[in-house]
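# no FASTA, just this:
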Ligand code: FES
Ligand code: FES
């Protein structure tokens, strides 16, 4: 048994804090490289078709231009199986904004100017970018993100709905949403070319160093090594500071490959490629729009007999990504008859990908608004309704919960938030504002990804270095790992230095699925134990030991999920329909909290993103052109200071004894789950208007 | 076309020759390797590039460097004196007013500039009395910092940090 000492559980300040507040922290573009050249992409202006001709003479003639690369002359990639990453390998265009070329120049100004001079003629084919529930060609994917089956069907939902005393059967929609981390995606590529292979391919001797803004240096390394046909040890990915990602930097995207192709074209020069904010809307992933049908059947007492969650969403025609929107409904509530399904439309749209809590974030908007509707239909308090439907074991697997404390979270939150003051819908007018309270439940699975390793070295003088190729994208993982190592070694926090963000460090899994601190942390604990086992308390300087993340047998025996209760107060202007959110409170059950200071920031950061999802965010595709027309931060609105008044989070003091050596289940994503539903439910309570489509804009409240 | 200008950046005189299309932000980042101000949008929409230009907060991506000849530029790095963080930076550290840190140098510069504006009595959208001294309550802070986006959602902690500053 670990003896937990001072560090874990204490609100240690971020180890990299001083570097961040002064701006000394070097993000990808900030890293000094010798004599850099600058790349600027050329993007397709059609949604589907092929490039018929390219005239790059004018661009090539611009002073300072070093190379113009298109599909005609780009180096050939070894593996083009992933169409998103098969950059400049053919004349095909699969979505508007796809790369069709890149200009490399001495200055960013010259590169950008010249990119605008590249003339591309297209042979256009008809495209389709519009998601509709009634369109032909919807299909069930083999599996959805996370490795879950697409469809489940238990019992007889239709018969149960037929027989139910109370039913809800409604459609809910969420729009295309964009991660929009504040640091745009950047790659700086440096080749040590080795022998050039005949035909301009990548020789085995070539070596690629990529400074990259990524959530997983090792994931980028292994993927690019495969794409370029290089042994992984000849690719190095460096990424100590990452300006947010929320999933969009979780897997390599086309710009990583483009940066390397651009650098290959100018031997000896490092090439900096920074996507512009506008380019990110086509090239950095997004959350699919969703059309969700939720059916709930219950007895007059509110006990559920049927839960059905059927989802229609899109993927890109060139690469499948199936958001697992309905998966949460499989385990959330006790109902003998349950059905979930996902249907995809393969459209000529940019490639969707991970965005904070893929699946749960849009899925729990629909499910939790539907639960509010059911509570209303049964004349029950929404908290009581959820308490009556809290399953004793996981309805999906039949396994016992490792710890399901949803009802405690709801009751604790109700007491803290003043839930008892809630009045009937549309009855509380204060001045010219309608006031309402709303609640929604939240959950997120415990993911512990295998494949991480940590190494501990004693530097002498009482100092230890811990190495693991993890990433801190703002989560606080760097600090948490330092705390975990200090406790596991039994030394002071300041005696430990943790190195992360480099694929030359021992392998680590991606910062995703709220899995980082638990997965990497258990590798760190194992490495520290191995170190003490070999060297004891008096190690010689230079002593080193490592360990892989141990297996987690309990993960097979228990259903392991975090839970939470989201509360919101809204004030709706009776004359304009403007919605303000003066208060939000989240109460979470996540197992052990390693660092309460950074954990609170993660929770409220997720809730703030949920507020943004509820009221602001909507990507608009122009179906005539396939273009995301509001592709910047002036038109794709995200919450700013004035929108966010009082967002707070608390958590149950607990430990999940089944969740590895830390007893922690992960915290990065649960904050966004259910937050938009709580706000929508509060809007209903304030106004009596039920909003089933995000975002909630004033026009729908003025009808 | 190239031009020669001189900037005073964080107390150091920096002569430079640059393409006249270069923004102040790119001049700092690409020419002078002063990377404390960040590029989040290059369009004046996010505030990540905020610096103090002759003491006033500006988004440096919307200013051409050639118009700044002879000007004094202070970045978040320059606000820290001899490695000692500025009181606003200390308050950010104390309240965990950041996560990824990418918006942070801009938030810090914006806050320092904002506190000066308040001291000088500049009213904002939400100021009731346009003539008197301004009381810096939370609503004022939020309004005045709304040009600085934070996707990590550190807003409530930033306001908490500045509330403390405003009180001291
Ligand atoms: S980079 Fe200047 S405002 Fe965004
Ligand atoms: S701290 Fe990440 S954007 Fe503000």
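Here it is on my side, so go on. Owing to the predicted nature of the structure, the values given are computational and were not obtained by experimental measurement. Residues are numbered from 1 along each chain as shown, chains lettered A, B, ... in the order given. Ligands and ions are numbered 1, 2, ... in the order given.

# Tell me the bridge partners for the closest residue to residue A:499 other than its chain neighbours.
Spatial nearest neighbour of residue A:499, excluding adjacent residues (C-beta to C-beta, 6 or more residues apart in numbering or on different chains): residue A:467 at 4.8 Å. To be clear about C-beta, it is placed using only N, CA and C from the backbone, and glycine gets the same treatment. Judged by DSSP bridges, the bridge partners of residue A:467 are residue A:455, residue A:499.

# Contacts only, for residue A:467.
By C-beta atoms under 8 Å, 6 or more residues apart in numbering or on different chains, the contact list for residue A:467 reads A:454-457, A:498-499, A:505-506.

# hmm, 7 Å instead?
Shown in contact with residue A:467 (C-beta atoms under 7 Å, 6 or more residues apart in numbering or on different chains): A:454-455, A:499, A:505-506.

# out of these, which is most surrounded?
Per-residue neighbour counts (other C-beta atoms under 10 Å in any protein chain shown) across the contacts of residue A:467 peak at residue A:454, which has 34 neighbours.

# so what's that residue scoring on pLDDT?
Residue A:454 is assigned 97 on the pLDDT scale.

# Give me the secondary structure label for the closest residue to ligand 2 within the stretch 351-500 of chain A.
At 5.1 Å from ligand 2, residue A:474 is the closest residue in the stretch 351-500 of chain A, using C-beta to the nearest ligand atom. Of the three states, residue A:474 takes coil according to DSSP: H, G, I helix; E, B strand; the rest coil.

# how many other residues sit next to the residue in the stretch 401-550 of chain A positioned nearest to chain B?
Residue of the stretch 401-550 of chain A nearest chain B, by C-beta to the nearest C-beta: residue A:474 (3.1 Å). Counted with other C-beta under 10 Å, residues neighbouring residue A:474 total 34.

# Might one say that it is in contact with residue B:99?
Yes: here residue A:474 reaches residue B:99: they are 3.3 Å apart, a contact under C-beta atoms under 7 Å.

# Let me know the helix or strand that residue A:210 is in.
strand A:207-212 (DSSP states H and E).

# Contacts only, for the residue of chain A found nearest ligand 2.
Residue of chain A nearest ligand 2, by C-beta to the nearest ligand atom: residue A:182 (3.7 Å). By C-beta under 7 Å, 6+ apart, the contact set of residue A:182 is A:243-244, B:40, B:46, B:48, B:100, B:102-103, B:149-151.

# Check the gap between it and residue A:602 for me.
Residue A:182 sits 16 Å away from residue A:602, going by C-beta to C-beta, to the nearest Å.

# need the next SSE after the strand or helix carrying residue A:308, C-terminal direction.
According to DSSP H and E, residue A:308 maps onto strand A:304-316. Counting by DSSP H and E, the next helix or strand C-terminal to strand A:304-316 is strand A:337-347.

# Give the rounded mean pLDDT of that next one.
98.

# The next helix or strand along the chain from it - contacts with which helices or strands?
Per DSSP H and E, strand A:337-347 leads on to helix A:360-378 as the next helix or strand towards the C-terminus. Here helix A:360-378 touches strand A:166-174, strand A:290-298, helix A:382-388, strand A:433-445, helix A:675-687, going by 3 or more C-beta pairs under 7 Å, 6 or more residues apart in numbering or on different chains; DSSP states H and E.

# at 10 Å what do you get?
Applying 3 or more C-beta pairs under 10 Å, 6 or more residues apart in numbering or on different chains; DSSP states H and E, one finds that helix A:360-378 makes contact with strand A:166-174, strand A:290-298, strand A:304-316, helix A:382-388, strand A:433-445, helix A:596-615, helix A:675-687.

# Give the intersection of the neighbour lists for residue A:474 and residue B:99.
Residues touching both residue A:474 and residue B:99 (C-beta atoms under 10 Å, 6 or more residues apart in numbering or on different chains) are A:14, A:20, A:243-244, A:598, A:601-602, A:605, B:150-154.

# quick one: which of these is most hemmed in?
Using other C-beta under 10 Å as the neighbour test, those are led by residue B:150, with 33 neighbours.

# residues touching residue 39, list them.
As the question left the chain open, I've gone with chain A. Contacts of residue A:39 by C-beta under 10 Å, 6+ apart are A:66-67, A:69, A:102-105, A:108, A:111-112, A:115, A:187-189, A:255, A:258-259, A:261-263, A:265-266, A:271-274.

# Chain B is the one I meant
Per C-beta under 10 Å, 6+ apart, neighbours of residue B:39: A:27, A:29-30, A:182-184, A:186, A:274, A:276-277, B:23, B:25-26, B:29-30, B:46, B:48-49, B:60-61, B:102.

# what's the helix or strand for it?
Going by DSSP H and E, residue B:39 is not in any helix or strand.

# So for stretch A:256-266, mean pLDDT?
Stretch A:256-266 comes out at a mean pLDDT of 97.

# actually stretch A:615-624, not the one I typed
pLDDT averaged over stretch A:615-624 gives 98.

# Which stretch among the helices and strands packed on helix A:360-378 is buried most, on average?
helix A:675-687 (a mean of 30; mean count of other C-beta atoms under 10 Å in any protein chain shown).

# buried set for the lowest-mean-pLDDT helix or strand in chain A?
Taking mean pLDDT, DSSP states H and E as the measure, the helices and strands of chain A show their lowest mean at helix A:554-557, namely a mean of 89. By 16 or more other C-beta atoms under 10 Å in any protein chain shown, the buried positions in helix A:554-557 come out as A:554-555.

# Can you name every helix or strand that that helix contacts?
Going by 3+ C-beta pairs under 10 Å, 6+ apart, helix A:554-557 lies up against no helix or strand.

# Give me the contacts around that helix.
A:397, A:399-400, A:402, A:446-448, A:560, A:656-660.

# so does the longest helix anywhere in chain B get close to ligand 1?
Among the segments of chain B that qualify as a helix by DSSP state H, the longest is helix B:104-119. No: using C-beta under 6 Å from any ligand atom, helix B:104-119 stays clear of ligand 1, coming no nearer than 7.6 Å.

# Against which helices or strands is that helix packed?
The contact analysis (3+ C-beta pairs under 10 Å, 6+ apart) places helix B:104-119 against helix A:17-22, strand B:50-53, strand B:56-59, strand B:72-74, helix B:76-79, helix B:87-95, helix B:138-144, helix B:155-167.

# What is the distance between that helix and the centre of its chain?
Computed by C-alpha atoms, centre = their mean, to the nearest Å, the chain-centroid distance of helix B:104-119 equals 6 Å.

# quick one: buried residues of that helix?
So helix B:104-119, judged by 16+ other C-beta under 10 Å, has buried residues B:104-115, B:118.

# got any ranges where the chain has weak pLDDT?
Unless you meant another one, I'm taking chain A. Within chain A, the stretches with pLDDT under 70 are A:1-6, A:194-204, A:703.

# sorry, should have said chain B
In chain B (pLDDT under 70), no residue qualifies.
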